[in-house]
Structures are given as structure tokens and as C-alpha cells.
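>>> With the input below, show me the fold.
(2 chains)
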Amino acid sequence: MHQNLKRIRVPAILSLTLLASVGAVSPRNTLAGPAAPIEGASPVVILPEPSPHWVYLIDHSSSLVVTNITVVDGDAGKVVGTISSSFLPNFVITPDAHTIYVSETYWSRGTRGVRSDMITAYSPRTLVPSTEVELPSGRLLANGKKYGLSLSADGHYLFSANMRPGTSVSVIDLKNSTWVTEIETPGCFLAYPTGVASFASVCGNGALMNVSISATGEVRKAVTRPFFNPERDPVFDAPAMVSGDDHFYFVSYHGQVWPVTRVDGRAEPGPSWNILTEEERRSGWRPGGFYQLLAVHAKHKRLFVLMHQGGEWTHKQYGTQVWVVNTETGRVVRRDSLVAPASSIAVTLDDDALLFAINESTLSVYRIVGDSLRHVRDVKNVGASFMSVLGEG
Amino acid sequence: MSDRVPALRHAVGYLLRSPEGRAYVARVPGVAYSALSNAELSALLNWMVVEFSAQELPADWVPYTTEEVAALRARPLTEVALERTRVLRALGDAAVAPVVAPVDAYVIRTTP
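Alright, predicted model coming up:
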């Protein structure tokens, strides 16, 4: 299936036309009747509309140079397709599941030669690339920085983070398929979507920089008050956020939850709380994971946090439990053990939600029943960093 | 934006030849967002400019005070390339000015 998906479908009528155009060489091919199949060509499998229970994984298990984005159907427990992408790609899926935008980097001779960076649009139905937009400022090459790429709420702009070494964000106009500009975000990093034409970056002093683009194309920047202390209790740089929700959530190394409100294209940090009891803290419980240790189900008002027992500086240790937090009361309502320690999690946004937890190469699928996790199946050999489901952002 | 880190050696002292340049050095995010206290940060800046760029310092240079650094870092720069260009242009030495994006690069074209 992998091979088939990569081939471009040639409809019968088109192949006839192509053959007709070389009629002088092979006139018999222009005769009426069914076109003879072209040797080596095979039709692309057209996937059904993406399901809320599909998960898209950055899968670098085979090679960093050719990193796959693997699509897994959580209900069937099967890989439904693969995008064969570039060196350390990043991706976002439009909330309407119309397009997957992948930021890619290729060298003309594979691992050397002329570097080119681009945003490539892929169809979720064929996983075949269509439009490309060149990124003249390059892009951040880092594994698992999910918010190195994000989509504005109206789908007009794509924001792609740079670090060369000053931090900035490239702005891509998706309506006109053009790179527009590069916005400097000094001392601040990544691009969290905050509205129609705006994003926020997290800064080295514990603040957020809000960047917005006005209707006349003017860029405005404002830095919030510092809300977390980067020395004493830093936050993980991948918050949990879903499209259309006014709130998203950072979590700190020591279990402090920092809700952020998206209002008028700005991100405003709100009052925080801690999810650990004194006893849990003493016994070493803390959030941790390698890429994406948080997920949120906006409708059910639940935040999911990967947790483990470890000492200081074990924030990248895989999580052995998922703690479920009620985002309205701030209380931990459930602590469930995973069948295998996980580096990242994702939660689908539908009512009958699934939680995906990825180990080194095995994806575990859980049903969320009430607030508890019921392990339903494993999907093997999908080595992944972070995952996305429909409706994130 | 340039693809390089501006040099400190035989360079940073040059910026301190104007009040705007002196402010720039304390307002640039790597300095302003430092985890150091105001006292520590001013001590580090004072050591740094002498250690790396004493020759370029103005003759009447006086060390940063803790209060001065506190006030400057409270207004971190959000347009570093632009401010650096302004400072260097005002100092009048085009040879030192780095190649940076022109001012109008920060204004996004409106879409038709």
C-alpha cells in the first residue's frame, strides 16, 4: 500500500491522451477501445474522509533523512497510509481535514548539496503532494518541536519557526501560495496559534510575545508579563491546544498548570494551579515525556498529562501514567497506568474519544470511558515522535 | 535577519559610543531575558565590554549601574535587527553595519 500511495493516479482518459500525443511513434495506441494499461502504473488508493479516530505520527524510525508521516486508524489498529517526507519534517492538518501542510527540507544530493526548504500541501485522501511554497529563510530543523509550525485560525497563514540563530517566524500566505515575510521574535521561540492572523512565542524570561498581522499588513508585537520562572520551574514548550478553544495549557516540570486564554488574537496567561499533592511530590511524581506529553479534550474539559516517578531533570523520561485533570476545577480526577511507558500522547476530540500513547515503536490505543483509560489495541512498528489528530491547533 | 551571531570581540564596545547603543546592549533579549539578577547582569556586562572590546570603548565610558540595567532590561527589544541598524547608522560607520533586512521587510504585503 505504501508504494501504491506514492504513485500518481493516471485516469484512463488522460493516459489515452498522453499516448495520442506520441501517436507518431506508436499510432496503434490511438485506436478506439479501452486503453492498454501502462506498464508499472497502478492506481492510487483513495482513502476515505479522514476519521476523528485517525492519528498522524511523525515517524523517524527508518531514517531522519526520509521521515514518514504515518496515518493510523485507531479503530482498525492499522496503518492506512504514509507520507514519505523529508529531513525532520513538521506538519499541520487543517481543521476541516482538507489539506495536510508539511514543512520539508531536501538537499540536492540527499545528504549534501543545495538545500531547499518548502511548505508542501498534501491531500489527506491520496497523501500525494500538490502545491509547494519555497521558504527563503529556511526553517527550524529540530525533532519533535510541534509548534514550530502552526496554522492561523482562519486558515489564511501558516507560521513556520526559524532559529538561525536569532529566532523568527516565517509567514506563508496559503490563499495565494506565497511566502510573505519573516517576523523577528527576539528571545522568543515557536508559534502558538492565537487567532485569525496572529501567533504567540514563548520567551526566555517566562513571558509570551504576542504577534499579530493587521488587515493592512502591519505587524504588531507585545510581550506579556513573565508568568513562569524559567530557572525554578520551566514549562514544556508544547502546550495542549485544540482549534476553536479559547484556552490552551502549558504544564511545568513540577506540575504547575498554566492556562492561557486566546482573546482578540492575543495569548493571556491566567492563574495557575498545581496537580501534585505534597505526598505525590515527595514520592517523585512529575510530568514528563519526550515530545508531546499533554493533550486536551475541550468539550469534556479534560487535560491529559503524561506522568512518571523520577527526580530532578527527568522531564524527558517516558510517562508511566496519564493523569486526567478537570480544567474547570483544576482537580486530578483520574490516574491511570499505561501498558507501556510513553514519550507522547494525543487525544481525539470526538465524544467517544481515543487516547493514543506512543512508545519507541508501538502505538497503544485506549478508549476513554468516563475518565478512565481502557487499552484496546497496539499498533506495532510506527516509531514516532509527536502525533496529531484532527482539530488540534 | 542575518545568519550569524554578531561578534563581541572588537565590536561590542563600539556600540557603547552612543546612549542608544549603550541601551541596546542591555535591551537585547539574550541580555535582558537572562536569569541573572540586575546586579549580576550589570557586573557581567561591565566585565564583558572591557574584556572583549576595551579598544572600542569611548574614552569617557562609565560602567553600567545596577539601576540602569534594571530599567533597560525592563524594556526588552522586539525589533533587534532594526534597532541595531539604527544604532550603527547613527554612529555613522557603514563598514560596521551588518546586512539586515530593510525596514519595509517587516510590513506584510496585503493580499488583493
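>>> Every contact and neighbour count from this point should use C-alpha atoms.
Fine.
>>> Write out the residues of the stretch 51-200 of chain A neighbouring chain B.
Residues of the stretch 51-200 of chain A that fall close to chain B, judged by Cα under 8 Å from any Cα of the partner chain: A:164-166, A:176, A:180-187.
>>> would you list those in JSON lines and tack on neighbour count and secondary structure?
Listed next are those as JSON lines, based on neighbours: other Cα atoms under 10 Å in any protein chain shown; DSSP: H, G, I helix; E, B strand; the rest coil:
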{"residue": "A:Arg164", "neighbour count": "16", "secondary structure": "coil"}
{"residue": "A:Pro165", "neighbour count": "12", "secondary structure": "coil"}
{"residue": "A:Gly166", "neighbour count": "20", "secondary structure": "coil"}
{"residue": "A:Asn176", "neighbour count": "13", "secondary structure": "coil"}
{"residue": "A:Val180", "neighbour count": "21", "secondary structure": "strand"}
{"residue": "A:Thr181", "neighbour count": "19", "secondary structure": "strand"}
{"residue": "A:Glu182", "neighbour count": "24", "secondary structure": "strand"}
{"residue": "A:Ile183", "neighbour count": "24", "secondary structure": "strand"}
{"residue": "A:Glu184", "neighbour count": "24", "secondary structure": "strand"}
{"residue": "A:Thr185", "neighbour count": "29", "secondary structure": "coil"}
{"residue": "A:Pro186", "neighbour count": "22", "secondary structure": "coil"}
{"residue": "A:Gly187", "neighbour count": "25", "secondary structure": "coil"}
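>>> so can I have TSV of these showing pLDDT?
Formatted as TSV, those follow (pLDDT from 0 to 100):
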residue	pLDDT
A:Arg164	85
A:Pro165	85
A:Gly166	89
A:Asn176	94
A:Val180	94
A:Thr181	94
A:Glu182	95
A:Ile183	96
A:Glu184	95
A:Thr185	97
A:Pro186	96
A:Gly187	96
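>>> out of the residues you listed, who's nearest A:Thr70?
Distance ranking of these against A:Thr70, using Cα to Cα, places A:Asn176 first at 28.1 Å.
>>> re earlier: which members of the residues of the stretch 51-200 of chain A next to chain B are the farthest-apart pair?
Checked with Cα to Cα, these reach their widest spread between A:Asn176 and A:Gly187, with 30.2 Å between them.
>>> for the chain, what helix or strand is lowest in average pLDDT?
Since you didn't name a chain, this refers to chain A. The helix or strand of chain A with the poorest confidence is helix A:12-21; it has a mean of 36 (mean pLDDT, DSSP states H and E).
>>> The intended chain is chain B.
Lowest by mean pLDDT, DSSP H and E among the helices and strands of chain B is helix B:80-91, with a mean of 90.
>>> Give me the below-cutoff pLDDT ranges for the chain.
In the absence of a named chain, this looks at chain A. A:1-43 (pLDDT under 70).
>>> Let me rephrase: I mean chain B.
Answering for chain B: the residues below the bar, that is pLDDT under 70, span B:1-4, B:93-112.
>>> 50 - rerun?
B:94-95, B:97-112 (pLDDT under 50).
>>> And the strands in it?
In chain B, no segments count as strands under DSSP state E.
>>> rewinding a little: downstream of the least confident helix or strand of chain A, the next helix or strand is which one?
Using DSSP states H and E, the helix or strand that follows helix A:12-21 in sequence is strand A:54-59.
>>> now what about that next one, what contacts it?
A:67-75, A:89-90, A:356, A:382-390 (Cα atoms under 8 Å, 6 or more residues apart in numbering or on different chains).
>>> From those residues, which land in helices?
Among the contacts of strand A:54-59, DSSP state H puts none in helices.
>>> Would you mind writing the PyMOL command to select the buried ones in those?
Only the buried entries of these go into this PyMOL selection, using 16 or more other Cα atoms under 10 Å in any protein chain shown:
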select buried, chain A and resi 67+68+69+70+71+72+73+74+89+90+356+382+383+384+385+386+387+388+389+390
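>>> Contacts for stretch A:201-210, please.
With Cα under 8 Å, 6+ apart as the test, stretch A:201-210 has contacts from A:185, A:187-192, A:198-200, A:220-230, A:234, A:237, A:265-267, B:33-35.
>>> Dump the C-alpha coordinates for that stretch into CSV.
What follows is stretch A:201-210, C-alpha atoms only, in CSV (Å, rounded to 0.1, in the frame of the first residue of the first chain):
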residue,chain,number,x,y,z
SER,A,201,6.0,32.7,21.0
VAL,A,202,7.4,31.6,24.4
CYS,A,203,10.2,33.8,25.7
GLY,A,204,13.3,33.1,27.7
ASN,A,205,12.2,35.2,30.6
GLY,A,206,8.9,33.2,31.1
ALA,A,207,6.7,35.6,29.1
LEU,A,208,4.8,35.2,25.8
MET,A,209,5.3,37.5,22.8
ASN,A,210,2.1,38.2,21.0
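>>> secondary structure class for A:Tyr291?
Here A:Tyr291 is coil, with the state taken from DSSP: H, G, I helix; E, B strand; the rest coil.
>>> Can you tell me how far it is from A:Ala240?
12 Å (Cα to Cα, to the nearest Å).
>>> Check A:His375 too.
In terms of Cα to Cα, A:His375 sits 22 Å off from A:Ala240.
>>> higher neighbour count, the two?
With neighbours defined as other Cα atoms under 10 Å in any protein chain shown, A:His375 and A:Ala240 compare such that A:Ala240 has more, 24 against 16.
>>> Thank you, goodbye.
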